[in-house]
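Q: Provided below are the primary sequence and the corresponding predicted coordinates.
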Amino acid sequence: MASAAVESFVTKQLDLLELERDAEVEERRSWQENISLKELQSRGVCLLKLQVSSQRTGLYGRLLVTFEPRRCGSVAALPSNSFTSGDIVGLYDAANEGNQLATGILTRVTQKSVTVAFDESHDFQLSLDRENSYRLLKLANDVTYRRLKKALIALKKYHSGPASSLIEVLFGRSAPSPASEIHPLTFFNTSLDASQKEAVSFALSQKELAIIHGPPGTGKTTTVVEIILQAVKQGLKVLCCAPSNIAVDNLVERLALCKQRILRLGHPARLLESIQQHSLDAVVARSDSAQIVADIRKDIDQVFVGVMASVRVRHGLLIRSLLKDCWEAAVPLETPGSLFPPGASADGPLKLLPESHFDMVVIDECAQALEASCWIPLLKARKCILAGDHKQLPPTVVSHKAALAGLSLSLMERLAEEYGAKAVRTLTVQYRMHQAIMRWASDTMYHGQLTAHPSVAGHLLRDLPGVAATEETGVPLLLVDTAGCGLFELEEEDEQSKGNPGEVRLVSLHIQALVDAGVPARDVAVVSPYNLQVDLLRQSLAHRHPELEIKSVDGFQGREKEAVILSFVRSNRKGEVGFLAEDRRINVAVTRARRHVAVICDSRTVNNHAFLKTLVEYFTQHGEVRTAFEYLDDIVPENYSHESSQGPSHAATKPQGPATSTRTGSQRQEGGRESAAAARQGRKKPAGKSLAAEAPSQPSLNGGSLEGVESQDGVDHFRAMIAEFMASDKTQLEFPPSLNSHDRLRVHQIAEEHGLRHDSSGEGKRRFITVSKRAPPAPRPPAAPGPPAGTGGPAPLQPVPPSPARTEQPPREQRGPDQPDLRLQRVRSAQGQPASKEQQASGQQKLPEKKKKKETKGHPAIDLPTEEDFEALVSAAIKADNTCGFAKCTASVTALGQFCQLCSRRYCLSHHLPEIHGCGERARAHARQRISREGILYAGSGTKDRSLDPAKRAQLQRRLDKKLSELSNQRTSRRKERGT
Ligand SMILES: Nc1ncnc2c1ncn2[C@@H]1O[C@H](COP(=O)(O)OP(=O)(O)OP(=O)(O)O)[C@@H](O)[C@H]1O
Ligand SMILES: [Zn+2]
Ligand SMILES: [Zn+2]
């Protein structure tokens, strides 16, 4: 008879599963009723407008159909989605609403296509028309729930068997038995580190339970593989499981490398291509027993469960003896992002085994599995090894209520907390991250236990072959702070997902800097917690960098990249951080990176969350900090002063700038911004000279130091300094590097108000701002790189003839202090604009943006007015511009262009939307002004505060009431059905 602990656990779990199922059913139903297909697509669960690109029969008789987005333009990438191989999907004819053609299993997802396997039989033949438009919808999987319930009930009924003492230990009724003595091991993998060896020995010596806690990059799989090999060597039969296909396949691949012959049972559609040859279908197809084929196909087709076996397989054996002769693994298959890991089922091939067949169950990625799913395999052995990291994302649960009540608490987390060191061994050496990246995670999530292996501790992007040393490739941590820059998240009324076009632009500029430095795009990942942002990022980046991976955080768990760029999206006046606030999600996001993490966020919004604040603080202390101001020219800084608790409202005192000041600044477009970034990057101090010696006009304040100057005081001081500078005949004012990022931001702002140029240069802690007068152009003071003053003369307004060859980046050793920094060139050549000597010489010279724009697109020279006549210059440029105003787009706009009122440019039809060509922020600012003085409408809890619109609110209330009463009706009828 089950103990009270087991009883109450099972009862509670069954309730929670019921809740979860209800939530899921309700979610699906409300999707179908209230949510447009388009919205479903933006939530990642539906793919619209697909066409058939190929069909073939494969995977042992199944029909494989590959779908691609219907091509409208040249770029045909799938929108961001949560489809993963193994998902069950419905296929619909787009023309024929609601009519499901078939269901199938997703076998492959790339950025451009999805492949689905359909089982065909004599009474069902799927015929698809290449001309037709189709859609795919992720389906709920009821099999999962039934299987989980069954497992729980089996647990409750379990009376005596091999798992008895295991159950006692896992429910805290008895302490783990004393460890057995084991002989010193001869390790298969001789390069295991001490913590891995200890974990292996510990796991083998325990009688019931061992937990291998593997923080990111610590070789958890490596360790698990060693444990399995050792156990097999001892003659034990091992059952391995993992909650996702990928994790199982990963394990199978690694074991296969160790010369274990692998048999992996399961729907072959769910297996990685590389291991399909190990699938039972494949093995059986090669054998000659038709009976086996029929038996197993039946089992496999009935259940979506995989059973993997590593065996000394002899083809042609009857299935029973074949299975007896092997050790194997049941695989609860989860479709991440969908609901539950369907568990290995008792009616799958496992049922053929005697009850006490296994000596040991290994569950990898256990922290991502629902506990109920773990009980399917756990009842089959006397001992279990749980591996995973409960500090990364827990299993996905739809029902918040169920999650809070404990459904998302994994078995691993529960036991690790209960037993601590008695059952847990933590792997402490990590083989992925630069130590600076690791240290934050280690301190905040892993009690500071992690150390970086010497092979990775100091590795940087610039150490990769073919990568130049630049500011970007030389720092492991970069924070681009949008605080005060007005780069707010989108305020779409009915969007749950969030987007932030300003961050998209920053991401884009940063990627360009990395790619220009020679970092291959395939080594870079852009990660954002929001699907909408992932889409915006793809729209603006995918065609330029096809190999760049752009994914949601949740889609990236278990992966790594040399460089990771995180766009945190949230930026609003209420400081609402939404579901970013899951600490473990942030931990996963940051720890994907090997050599470089760039965080792009609004520090003032995200600082409202204690954990995110630690991240921002850590980056501020140990990394390089830049403000978005240093990248983008067109930021309207008023937002900052309005909101700032630290400064007076600048709006009222804002002076009329000179003719060439902020107005023109705010009219700049992509090209302008990029050139601003170029200008920013183009000015680099020769190393080793004291900054003071170079500064033409070093402000002196508090005895020459700005350290400690804060807030109001600081602003006034900066203001005074700049006013003084304006009045003087100096051309440049340099601020010391001691300014923090917010001070720099203020200086940028004040300079912007006065129509002064403001550039940041120098690296890391030595970063400083220079403010300079725009006209007449100042020759670079002595520190300036390039030819002597004189050649640097007045602004080179004439378009520069393209030089024949792009200058290659010299290796960094060769770059002497006198050579100009070539990053300027790189940015330009990225824009299709060859750099010339003359331009380098006047690298700090800001060209009128319109004109630069022309150059970047390689347009013929046009007669340009003098700089004073800037407005005329602008209109001349516009007139001459017959091509799309989007950087790099060469489509003609004479016939089909669209004029954007915000930036006064014409765009082709692909780029005319403000969000796409970079006016989104201003478009929304416009809209905002009309809507409300209050600003953003979000309340604190992730729902929108519509208090400003009583009518709308009443309508919503009615809808909510209706939904609630529907729900309670459903519950009642369900209860009746069950007869309670
Ligand atoms: N002892 C070791 N010596 C050298 N390299 C190692 C060692 N252990 C693991 N690695 C390397 O570290 C990387 C991560 O290993 P592995 O895939 O086993 O980690 P993991 O913890 O399972 O990863 P994840 O965090 O994705 O779950 C691999 O490249 C692996 O080769
Ligand atoms: Zn525009
Ligand atoms: Zn265009």
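A: Looks like it arrived, so ask away. Ligands and ions are numbered 1, 2, ... in the order given.

Q: count of neighbours near the closest residue to Thr428 other than its chain neighbours?
A: Among residues not flanking Thr428 along the chain, Ser195 sits closest, at 4.5 Å (Cβ to Cβ, 6 or more residues apart in numbering). (C-beta placed from N, C-alpha, C; glycine too.) Ser195: 20 surrounding residues under other Cβ atoms under 10 Å.

Q: Likewise for Ile586?
A: Ile586 has 26 nearby residues by other Cβ under 10 Å.

Q: go on, the one 5 residues further on?
A: Residues contacting Thr591 under the criterion other Cβ under 10 Å number 29.

Q: Okay, and the residue nearest to Thr428 sits in which element?
A: Per DSSP states H and E: Ser195 is located in helix 194-205.

Q: Following element in sequence after that helix, please.
A: strand 209-213.

Q: List the strands paired with that following strand, with their directions.
A: strand 384-388 (parallel), strand 424-426 (parallel) (DSSP bridges).

Q: So what angle separates the directions of the first one and helix 194-205?
A: Same thing as strand 384-388. 150 degrees (axes from the mean of the first three to the mean of the last three Cα atoms, to 10 degrees).

Q: Quickly compare the strands paired with strand 209-213 and say which is most buried.
A: Ranked by mean neighbour count, the strands paired with strand 209-213 are led by strand 384-388 with a mean of 28 (mean count of other Cβ atoms under 10 Å).

Q: Over to stretch 175-193 now: how far is its first residue from its last?
A: In stretch 175-193, first residue to last residue: 29 Å (Cα to Cα, to the nearest Å).

Q: Tell me how far Asp602 lies from ligand 3.
A: Asp602 sits 29 Å away from ligand 3, going by Cβ to the ion, to the nearest Å.

Q: Surely that residue touches Ser571?
A: Yes: at 3.6 Å, Asp602 and Ser571 qualify as touching, with contact defined as Cβ atoms under 8 Å.

Q: Quickly list what's touching both of those two.
A: Here Asp602 and Ser571 have 482, 487 as joint contacts, going by Cβ atoms under 8 Å, 6 or more residues apart in numbering.

Q: circling back: same for the helix holding Ser195, what does it pack against?
A: strand 209-213, helix 220-233, strand 424-426, strand 429-430 (3 or more Cβ pairs under 8 Å, 6 or more residues apart in numbering; DSSP states H and E).

Q: okay, the ones you listed, which one's buried deepest?
A: Of all these, strand 209-213 carries the top mean neighbour count, a mean of 25, counting by mean count of other Cβ under 10 Å.

Q: Is that one positioned near ligand 1?
A: No: Strand 209-213 is not in contact with ligand 1 by Cβ under 6 Å from any ligand atom; minimum separation 9.4 Å.

Q: Now that strand: average pLDDT?
A: Average pLDDT, strand 209-213: 97.

Q: so Leu137 sits in a strand?
A: Yes: secondary structure of Leu137 (DSSP: H, G, I helix; E, B strand; the rest coil): part of a strand.

Q: gap between it and Asp22?
A: Relative to Asp22, Leu137 is positioned 20 Å away (Cβ to Cβ, to the nearest Å).

Q: Let me know the pLDDT of the residue nearest to Thr428.
A: For Ser195, pLDDT reads 97.

Q: you'd agree it is up against Val429?
A: Yes: here Ser195 lies in contact with Val429, judged by Cβ under 8 Å, at a distance of 5.8 Å.

Q: any shared contact partners between the two?
A: Listed as contacting both Ser195 and Val429 by Cβ under 8 Å, 6+ apart are Thr218.

Q: still on that earlier bit, save the helices and strands packed on helix 194-205 as CSV, and put in distance to Val526 too.
A: Below are the helices and strands packed on helix 194-205 laid out as CSV (distance: least, Cβ to Cβ, whole Å):
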stretch, distance to Val526
strand 209-213, 29
helix 220-233, 25
strand 424-426, 31
strand 429-430, 23
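
Q: Now tell me which of these the model trusts least on average.
A: helix 220-233 (a mean of 89).

Q: Pull that helix out as PDB, backbone CA atoms only.
A: Provided in PDB are the C-alpha atoms of helix 220-233 (Å, rounded to 0.1, in the frame of the first residue of the first chain):
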ATOM      1  CA  LYS A 220      26.900  17.400 -17.700                       C
ATOM      2  CA  THR A 221      26.300  15.300 -20.700                       C
ATOM      3  CA  THR A 222      29.900  14.300 -20.700                       C
ATOM      4  CA  THR A 223      29.500  13.200 -17.100                       C
ATOM      5  CA  VAL A 224      26.300  11.300 -17.700                       C
ATOM      6  CA  VAL A 225      27.800   9.400 -20.700                       C
ATOM      7  CA  GLU A 226      30.700   8.400 -18.500                       C
ATOM      8  CA  ILE A 227      28.300   7.100 -15.800                       C
ATOM      9  CA  ILE A 228      26.400   5.100 -18.400                       C
ATOM     10  CA  LEU A 229      29.500   3.600 -19.800                       C
ATOM     11  CA  GLN A 230      30.800   2.700 -16.400                       C
ATOM     12  CA  ALA A 231      27.500   1.100 -15.400                       C
ATOM     13  CA  VAL A 232      27.300  -0.900 -18.600                       C
ATOM     14  CA  LYS A 233      30.800  -2.100 -18.000                       C
END
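
Q: Next, the angle from that helix to strand 209-213.
A: Between helix 220-233 and strand 209-213, the angle comes out at 150 degrees (the same axes, to 10 degrees).

Q: Find the residue ranges of the stretch 451-600 of the chain scoring beneath the pLDDT cut-off.
A: Regions of the stretch 451-600 of the chain meeting the criterion pLDDT under 70 cover residues 492-496, 555, 577-581.

Q: again with the stretch 201-350 of the chain
A: Along the stretch 201-350 of the chain, the parts satisfying pLDDT under 70 run over 244-246, 248-249, 252-253, 256-350.

Q: which residues does the closest residue to ligand 1 within it contact?
A: Using Cβ to the nearest ligand atom, Gly219 is the residue of the stretch 201-350 of the chain that sits closest to ligand 1, at 2.8 Å. Residues in contact with Gly219 (Cβ under 8 Å, 6+ apart) are 192-193, 196, 427, 429, 431.

Q: which residues in the stretch 551-700 of the chain form helices?
A: 583-590, 603-606, 610-622, 638-643, 650-653, 662-666, 670-681, 691-694 (DSSP state H, counting those that start in this stretch).

Q: Flag every residue of this protein that's near ligand 2.
A: 900, 902-903, 919 (Cβ under 5 Å from the ion).

Q: which one of those is nearest ligand 3?
A: Cys900 (11.5 Å; Cβ to the ion).

Q: will you turn the strands paired with strand 209-213 into a markdown table that also has distance to Phe619?
A: Below are those laid out as a markdown table (distance: least, Cβ to Cβ, whole Å):
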| stretch | distance to Phe619 |
| --- | --- |
| strand 384-388 | 28 |
| strand 424-426 | 26 |
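
Q: Could you check stretch 531-547 and say which residues are buried?
A: 531-542, 544-545 (16 or more other Cβ atoms under 10 Å).

Q: For ligand 3, tell me whether it is touching it.
A: No: judged by Cβ under 5 Å from the ion, stretch 531-547 stays clear of ligand 3, getting no closer than 11.2 Å.

Q: interface residues of the stretch 101-250 of the chain facing ligand 1?
A: 191-193, 196, 214, 216-222.

Q: residues contacting Pro79?
A: Per Cβ under 8 Å, 6+ apart, neighbours of Pro79: 41-42, 44, 47, 69, 535, 538.

Q: Pick the one among those closest to His510.
A: Nearest to His510 out of the contacts of Pro79 is Arg538 (Cβ to Cβ; 16.0 Å).

Q: what's next to stretch 176-193, contact-wise?
A: Contacts for stretch 176-193 (Cβ under 8 Å, 6+ apart): 165, 169, 197, 200-202, 204-209, 219, 222-223, 225-226, 229-230, 258, 419, 422-423, 427, 429, 453.

Q: Tell me where the stretch 101-250 of the chain has strands.
A: 114-118, 134-138, 209-213, 238-241 (DSSP state E, counting those that start in this stretch).
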